[in-house]
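> Test case, fold it:
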Amino acid sequence: GGIFMAHNANNTFGLCLLHNHFHIKEGEIMVEVVTRNSSATVPRPLAERGESVQPAMLGLTKEGDLRPFEFLDLAHSDFGRYSNQTRTVLADLYAHPGRFSDFFRA
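This next block holds a predicted model:
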């Protein structure tokens, strides 16, 4: 919570229950595009990720490291205005992974 509050992102970021609806192929990632009226998450080749596709959902490994498992296409979404905030918050999360791993190990 401290990282989210420090960046005034507590209404943008949160925690979710990890789940999947189907399996994706090796070398693919799940990418979401959000518009004003809909949201679609589809598999895309990792090689075609591009700079506008940024991590949106993160999971913890057994070692306590954060790993992205779902991405948001900022260039093709209405959330494009959050791109700088998203990058700043994610950079802080990656720099301080212990803040989450300590919470989940308790």
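
> what about the helices in the protein?
With DSSP state H as the criterion, the chain has helices at 2-6, 83-95, 98-105.

> mean pLDDT lowest for which of those?
The weakest mean pLDDT among the helices of the chain belongs to helix 98-105, with a mean of 50.

> Low-confidence ranges, this protein, go.
Residues of the chain that meet the criterion pLDDT under 70 lie in 1, 12-13, 79-87, 90-91, 93-106.

> Test of understanding: give the bridge partners of the nearest residue to Thr61 once chain neighbours are set aside.
Closest residue to Thr61 apart from its sequence neighbours, by Cβ to Cβ, 6 or more residues apart in numbering: Arg67 at 5.8 Å. All C-beta atoms are positioned from the backbone trio N, CA, C, and that covers glycine. Arg67 has these beta-bridge partners by DSSP bridges: Gly59.

> Tell me how many other residues surround Arg67.
By the criterion of other Cβ atoms under 10 Å, Arg67 has 13 neighbours.

> if I pick it, what's in contact with it?
58-61 (Cβ atoms under 8 Å, 6 or more residues apart in numbering).

> next one: Arg36
With Cβ under 8 Å, 6+ apart, Arg36 has these contacts: Asp78.

> Tell me how far it lies from Asp78.
Arg36 is 6 Å from Asp78, where distance means Cβ to Cβ, to the nearest Å.

> list residues touching both of these two?
By Cβ under 8 Å, 6+ apart, no residue touches both Arg36 and Asp78.

> any idea which residue sits dead centre in the protein?
Ala56 (1.8 Å; Cα atoms, centre = their mean).

> since we're on Glu28, how many residues are nearby?
Glu28, neighbours per other Cβ under 10 Å, totals 15.

> please renumber so the chain begins at 773
In the new numbering, first residue 773, that becomes Glu800.

> Run through the bridge partners of it.
Pro817.

> That one contacts Pro817, doesn't it?
Yes: Glu800 lies in contact with Pro817 (Cβ atoms under 8 Å); the separation is 6.0 Å.

> Which residue is the nearest non-sequential neighbour of Arg821?
Nearest to Arg821 is Ile801, by Cβ to Cβ, 6+ apart, at 6.6 Å.

> Distance check, the one you found against Asn809.
24 Å.
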